[in-house]
Each structure stands twice: as structure tokens, then as C-alpha cells.
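Engineer: Quick one, what's the 3D model for this:
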Amino acid sequence: MRLGELIRGLEVLQVHGDLGVEISDISSDSRLIRGGELFVAIRGERANGHGFLREAVSRGARALLVEDPPSGIGVPWVQVRDTRVALGEVASRFYGQPSLGLKVVGITGTNGKTTSCYLLESILKAHGAKVGVIGTVSYRWMDQQREAQNTTPSSLELQRLLREMLDSGVTHVVMEVSSHALVQRRLKGCHFDIGIFTNISPEHLDYHGTMREYLRAKALFFQEVLKESQKDPWAIYNADDPKVREVVEGVEGLKEFGFGVRGLVRPIRWRADLEGISFELETPRGPLEARSRLVGYHNLYNIMAAVSAAIILDVDIQAICRGIEGLKGVPGRLERVSEKPKVFVDYAHTPDALQKVLEALRPLT
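Structural biologist: Numbers count the residues shown, from 1 in each chain. A predicted model of the protein is given here:
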């Protein structure tokens, strides 16, 4: 693809050189340049890609995408205001905008992202869909499985993954969306059909600094990413969480779930024991009765999130029930590792998550 085609639509500040050069690949790591690539200089936490422009060119980079105009560089370069933003858009175009050919559901929130992903994956598979998952545990689709380096991969890796999934026959992608990814604009160029907000409590304050900045980061998913989607997306949120309600205020296309609302999905009755949860949900398709092997009533929120998305994706009630009942468990999420005695392992990476786990188990033991 020619450089001029790749940068079409970007907010370009300055161009130097021939935009007709052919680009064979894209890289933001100068060490991975093999020849013919567009090198995108990113200001990272540990290194600034602008300090590796000459190395990239010496290794064979055919053009540069930069924030600061270089001097004495013998290849074409394009200056933009923010290379992180530009990288996602350029990567999407290079890989043929794969998200437009997929049904893409993104899930954000402090807790529940992974479990909600597993639930929705199981439901969609019961519906007959070919599902790809991008999340904390792994990146997986069809017969492929890769170790996840980040909950949400870099924008370049994300677009490459979506292209591979689409080419493999995947129809639906369920993705965990981290606050780091939102701040670093890794989702630029990714067009979502549905966004889900599970809950919010203090997390990653070492990175964000304050709770206010963390809330602002999470808000980017609904207020920026979904807004830029070309698919007229739905925004689903947990209406029982006051901080989530605050974050989503004013967002269009909202659908809510929770115990205290008459939204898209709400529980009518439920009963929890050490083997799982039996429940009945009120839905636009009528009542949904099922039993999940997930332990703890807090998992009803994850079930409601997944069911809400499934209904919007036009999955029938029977397939939703089969998917919920077919999920044996989620790795590291109140995972049963022993029956006698009963032993559970839980990731519980935040105070709120640990509290929910203890509250779930204490009445059952």
C-alpha cells in the first residue's frame, strides 16, 4: 500500500518526500524493521521512538510517521500531532479495516471483564457464531490460542489480530478494554458494535495518579471510542453503580441492567450455593431461567452484562441459556480447584474484588 493511501484522513501537519512510496508493513519498534516498513515513532513510558529514527532507516524503513520533524533523514516522513492516535488509524487501513467485517463487543470496568467475556463467548458459540476473544487470559479464536501480553494489545497488534480472525472465518469478537489502552489510544481505528461498562472502583492509581483521572480514562470508551464507531453502537452499563452512571451521563444509545432498574435485563429471583447460581431474568424476549456454575451472586452482574449484549446481537433465549449453563468456570475467577475440601482460587486484584469474593462465599460456607 502506498504511503499516501495510508495517511489519508489523518490530521497531517507536514509532509516531506514522495507519498507514492510502497509500504510493505508497519512497525513502532526499530529493532523489528526488516525493510520496506513505515516506522511510527511513539513516545513511550521508557523510550521515545523519535530517538531511533536513524536506526529504523538504516535497517530499511521506507518512511516515517513522527510528531517532531526530523532533519537529515533520507526517506519520506509525515508529521502528525499524535502518533499514537495516527498508528491505530493507519494500522486499521493497512489491514483493511477488519473490525468493519466483524461484530465487535468491548467490555470495560474494574471487575468482571474477563468473566463477562467468557460468558458472552460461550453464549455466542451456543448460537453457532465463530468467536474470537481478546483479553487478560489469552487471545483465542477457532483453533488458535496465544498468550496475552496485555489485556488489550497495542493498536498495531490489535488490527493484525482482527485481520487474522476475520480471515479465519470469525464472525464475532469479544474484547476486554483496559484503562491503559484507552489512555494510550490503542482502540483508534477499531469500530465497535457494543460497549459494556461493568463497574468501577479504585485500580491502577499508580498509573493514573488519581481516581478522577482513572474515571476520565474509563469514560473515554463510551465518550470517545464508541462515538467514533462507524456502526451506530449500543452502550450497555451497570445502572446499580453510581460512578458508572456518572461516567455514562449524556452518552447516546444507552441500555442499562441491574437489580434496581427496569432496564434491558434485571433479575426477578435468584439463589446461590457453592455449586453456582439459579436465577430468572426479565428480558425483552420474556423470562430467562437458567443455572450457572459460577459461584457468588456478584456474578449475576456479569451474567446480566453478557445477556444484554446477546439480546442486542439477536441471540435467541435458548442459546443464551445453553451458553450460560455450558460455561464450567473462568480461570482464576472463583475457580474451584478441589471438592473435598472445597477450595477456590480467585484473582481478586482490587479491594472491591476481594470484598465481593468474601461476601459471596461467607454465607455459603
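Engineer: can we go C-alpha only for contacts and neighbour counts from here?
Structural biologist: Noted.
Engineer: all strands of the stretch 51-200 of the chain, in order?
Structural biologist: Ranges of strands in the stretch 51-200 of the chain, per DSSP state E, counting those that start in this stretch, are 63-66, 77-80, 103-108, 131-134, 138-141, 144-147, 172-176, 194-197.
Engineer: ok, residues contacting the last one?
Structural biologist: With C-alpha atoms under 8 Å, 6 or more residues apart in numbering as the contact definition, strand 194-197 has outside contacts at 104-109, 221-222, 226, 233-238, 244, 305, 309.
Engineer: Apply 7 Å and report the result again.
Structural biologist: For strand 194-197, contacts defined as C-alpha atoms under 7 Å, 6 or more residues apart in numbering pick out V104, V105, G106, I107, T108, G109, P233, W234, A235, I236, Y237, N238.
Engineer: Name the nearest of those residues relative to L38.
Structural biologist: The shortest approach to L38 among those belongs to V104, at 27.3 Å (C-alpha to C-alpha).
Engineer: isn't that closest one right up against T171?
Structural biologist: No. Look at V104 against T171 with C-alpha atoms under 7 Å: they stay out of range, at 8.8 Å.
Engineer: which of these two has more neighbours?
Structural biologist: More crowded of V104 and T171, by other C-alpha atoms under 10 Å: V104, with 24 against 18.
Engineer: Show me what that one is bridged to.
Structural biologist: Beta-bridge pairing of V104 under DSSP bridges involves V173.
Engineer: Same check on the one 4 residues further on?
Structural biologist: The residues paired with T108 through beta bridges, assigned by DSSP bridges, are F197.
Engineer: any idea of the pLDDT on it?
Structural biologist: In this model, T108 is scored at 96, pLDDT.
Engineer: Show me the helices in this protein, by range?
Structural biologist: Here the chain has its helices, by DSSP state H, at 3-6, 53-58, 83-94, 113-126, 155-167, 179-183, 205-208, 211-220, 226-228, 242-248, 299-312, 317-326, 351-361.
Engineer: List the buried residues for the second one?
Structural biologist: Translated: helix 53-58. Across helix 53-58, burial judged by 16 or more other C-alpha atoms under 10 Å covers L53, R54, A56, V57.
Engineer: Tell me which residues are up against that helix.
Structural biologist: S30, I33, F39.
Engineer: one more time with 6 Å
Structural biologist: Applying C-alpha atoms under 6 Å, 6 or more residues apart in numbering, the contact partners of helix 53-58 are S30.
Engineer: Please name whichever of the strands of the stretch 51-200 of the chain is nearest to E213.
Structural biologist: Closest of those to E213 is strand 103-108, at 15.5 Å (criterion: C-alpha to C-alpha).
Engineer: Could you pull up the residues touching the closest residue to E252 other than its chain neighbours?
Structural biologist: Nearest non-adjacent residue to E252, counting by C-alpha to C-alpha, 6 or more residues apart in numbering: A235, 7.6 Å away. Listed by C-alpha under 6 Å, 6+ apart, the contact partners of A235 are I194, G195, G253, L254.
Engineer: what about A235, distance to V105?
Structural biologist: A235 sits 10 Å away from V105, going by C-alpha to C-alpha, to the nearest Å.
Engineer: swap in S71?
Structural biologist: From S71 to V105 the distance is 43 Å (C-alpha to C-alpha).
Engineer: Comparing those two, which residue is more hemmed in?
Structural biologist: Neighbours around S71 and V105, counted as other C-alpha under 10 Å, are more numerous at V105. The numbers are 26 against 6.
Engineer: Distance of that one relative to S58?
Structural biologist: Counting by C-alpha to C-alpha, the gap from V105 to S58 is 41 Å.
Engineer: The residue of the chain most remote from its centre and M142: what is the separation?
Structural biologist: Distance from the C-alpha centroid of the chain peaks at G72, with 40.0 Å (C-alpha atoms, centre = their mean). Distance of G72 to M142, given as C-alpha to C-alpha: 48 Å.
Engineer: K243 - nearest residue in space that isn't next to it in sequence?
Structural biologist: Leaving aside its sequence neighbours, K243 sits nearest to I200 (C-alpha to C-alpha, 6+ apart; 6.6 Å).
Engineer: just checking, that neighbour touches T110?
Structural biologist: Yes. I200 lies in contact with T110 (C-alpha atoms under 6 Å); the separation is 5.0 Å.
Engineer: got the contact list for stretch 33-42?
Structural biologist: 23-28, 49-50, 59-66.
Engineer: got the CA coordinates for it in PDB?
Structural biologist: C-alpha atoms of stretch 33-42 as PDB (Å, rounded to 0.1, in the frame of the first residue of the first chain):
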ATOM      1  CA  ILE A  33      12.400  -3.400  10.900                       C
ATOM      2  CA  ARG A  34      13.300  -5.800   8.000                       C
ATOM      3  CA  GLY A  35      12.900  -3.400   5.000                       C
ATOM      4  CA  GLY A  36      10.000  -1.600   3.400                       C
ATOM      5  CA  GLU A  37       8.100  -0.600   6.600                       C
ATOM      6  CA  LEU A  38       6.500   2.600   7.800                       C
ATOM      7  CA  PHE A  39       8.200   3.300  11.100                       C
ATOM      8  CA  VAL A  40       5.900   5.100  13.600                       C
ATOM      9  CA  ALA A  41       7.800   7.000  16.300                       C
ATOM     10  CA  ILE A  42       5.900   6.600  19.600                       C
END
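Engineer: How far off centre is that stretch?
Structural biologist: Its chain's C-alpha centre and that of stretch 33-42 lie 26 Å apart, by C-alpha atoms, centre = their mean, to the nearest Å.
Engineer: Many thanks, we can stop here.
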